[in-house]
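S.K.: build me a model:
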Amino acid sequence: MKSALLHGIHLICQVSRHSSLTSAAKELNLTTGAVSQQLQNIELRLGFTAFERHARGIRLTEQGQRLVESVDHHLTAIEENVYQLTRVTESKQIRLKLTPSFAFKWLVPRLEDFQKQHPEIQIHTFAEGALVDSDNRNFDVAIDYGPIPYKLEDAELLLEEQLRPVMSPSYFNAHPELNELSTTWHQVTLLHDAMPWQGAPRDYEWLYWASQVGLDFETNKGHFFNRTDMAMSAAEAGVGIALARSALLGDELISQRLVAPLAAIKANAGYFIITHVDNPPTRLFKQWLRQQVITDKNVK
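M.R.: From the prediction side, this is the model:
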């Protein structure tokens with residue numbers, strides 16, 4: 001009986017991290033009806049209602065909030081301790097879904113650090129398309145690029161992005177006036193990420209940049225790619241000017257393979273963590289991701 005009660009309280013804590021029963025059910029690999037029924041059973045045993053149901057989803061009642069605040073950290077600590085006891089003999093896998101650009105330019109160069117810290121955790125990386133399909137829940141953790149605010153309420157902002165025009169040294173030498181906001185921008189070749197996120201116009205980022213810096217020129221021109229790193233590579237080859245995302249710039253500026261004569265601006269977009277499976281390995285991985293962002297800020 002005690003184990004059933006503990007299981008029920010754990011369920012309340014898990015559901016409390018979501019804004020709807022449907023979202024919670026997806027994470028738990030249960031039907032919405034099954035989650036609803038289990039919640040009703042535990043609420044009956046507890047003698048109070050833990051959640052208010054409304055048209056837009058669910059929210060904790062005052063008693064439910066007090067319950068979660070008093071027990072959630074204890075349940076997490078128990079789970080973490082059990083994980084630490086079994087980590088030596090049991091290999092853990094994390095299915096990670098993200099865009100190829102972010103995988104190649106940001107994540108992969110850092111993975112050795114995660115492996116050294118957590119050799120028992122295997123990261124299975126899926127970077128198949130220019131856009132992350134978060135509706136298909138065939139992942140444990142996903143990192144997606146999107147506008148702020150993001151389309152999913154449960155997503156966590158990992159890193160806010162900035163945009164800055166970049167070009168090859170030879171291209172800049174041919175257009176030295178590009179170090180200022182002048183009419184020359186009408187004449188340059190623009191290189192686009194035509195798919196920054198689902199539904200965005202193909203010239204969205206250049207159009208946004210022009211509006212933010214106070215320029216008015218035709219942005220729906222030049223060459224279009226379905227990945228930012230491809231546009232940046234084309235800029236490095238001297239084809240034109242790409243709008244680089246700061247997080248995806250490695251040593252290109254230091255080595256002068258690319259030059260950035262103008263300051264970066266906030267993109268009003270960023271990289272978001274979407275959690276499908278919440279367990280000790282995924283929590284450790286997300287903690288490591290956050291630490292990488294903090295380290296980057298301290299270095300800069």
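
S.K.: where do the helices sit along the stretch 101-250 of the chain?
M.R.: 111-117, 169-174, 204-213, 228-236 (DSSP state H, counting those that start in this stretch).

S.K.: mean neighbour count, those helices: which tops it?
M.R.: helix 228-236 (a mean of 23; mean count of other C-beta atoms under 10 Å). For every residue, glycine as well, the C-beta is placed using N, CA and C.

S.K.: what's in contact with that helix?
M.R.: Contact partners of helix 228-236, identified using C-beta atoms under 8 Å, 6 or more residues apart in numbering, comprise 100-101, 104-105, 166-168, 171, 191-193, 196, 223, 225, 240-245, 248-249, 252, 257-258.

S.K.: rewinding a little: can you tell which of the helices of the stretch 101-250 of the chain is closest to K297?
M.R.: Checking the helices of the stretch 101-250 of the chain against K297 by C-beta to C-beta gives helix 111-117 as the closest, at 16.3 Å.

S.K.: tell me which strands and helices the closest one is in contact with?
M.R.: strand 121-126, helix 280-299 (3 or more C-beta pairs under 8 Å, 6 or more residues apart in numbering; DSSP states H and E).

S.K.: for it, what is the distance to the chain centroid?
M.R.: Its chain's C-alpha centre lies 19 Å from the corresponding centre of helix 111-117 when counted by C-alpha atoms, centre = their mean, to the nearest Å.

S.K.: C-alpha coordinates for that helix, PDB please?
M.R.: Coordinates of each C-alpha in helix 111-117 appear next as PDB, following Å, rounded to 0.1, in the frame of the first residue of the first chain:
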ATOM      1  CA  LEU A 111      31.300  16.200 -26.400                       C
ATOM      2  CA  GLU A 112      34.700  14.900 -25.300                       C
ATOM      3  CA  ASP A 113      34.300  17.000 -22.100                       C
ATOM      4  CA  PHE A 114      31.000  15.300 -21.300                       C
ATOM      5  CA  GLN A 115      32.400  11.900 -22.000                       C
ATOM      6  CA  LYS A 116      35.200  12.500 -19.500                       C
ATOM      7  CA  GLN A 117      32.800  13.600 -16.800                       C
END
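
S.K.: quick check: mean pLDDT across it?
M.R.: Regarding helix 111-117, the rounded mean pLDDT is 94.

S.K.: what sits against Y204?
M.R.: Taking C-beta under 8 Å, 6+ apart as the test, what Y204 contacts is P196.

S.K.: the one 4 residues further on now?
M.R.: Contact analysis of Y208 by C-beta under 8 Å, 6+ apart lists L163, A267, N268.

S.K.: please apply the same query to H223.
M.R.: T189, L190, L191, H192, A231, A234, V239, G240.

S.K.: likewise A142?
M.R.: L96, K97, L98, V132, S134, I273, I274, H276.

S.K.: so of those residues, which ones are in helices?
M.R.: Counted as lying in helices by DSSP state H, out of the contacts of A142, is not a single one.

S.K.: which among those gets closest to F48?
M.R.: Using C-beta to C-beta, the contacts of A142 come closest to F48 at H276, 29.9 Å.

S.K.: assess the claim that the closest one and D135 are in contact.
M.R.: No. H276 lies out of contact with D135 (C-beta atoms under 8 Å); the separation is 11.1 Å.

S.K.: and these two? which has more neighbours close in?
M.R.: H276 (19 against 7; other C-beta atoms under 10 Å).

S.K.: F51 versus the residue nearest to that one when sequence neighbours are not counted, what's the distance?
M.R.: For H276, ignoring the flanking residues on the chain, the nearest one in space by C-beta to C-beta, 6 or more residues apart in numbering is R137 at 5.2 Å. Distance, R137 to F51, by C-beta to C-beta, to the nearest Å: 22 Å.
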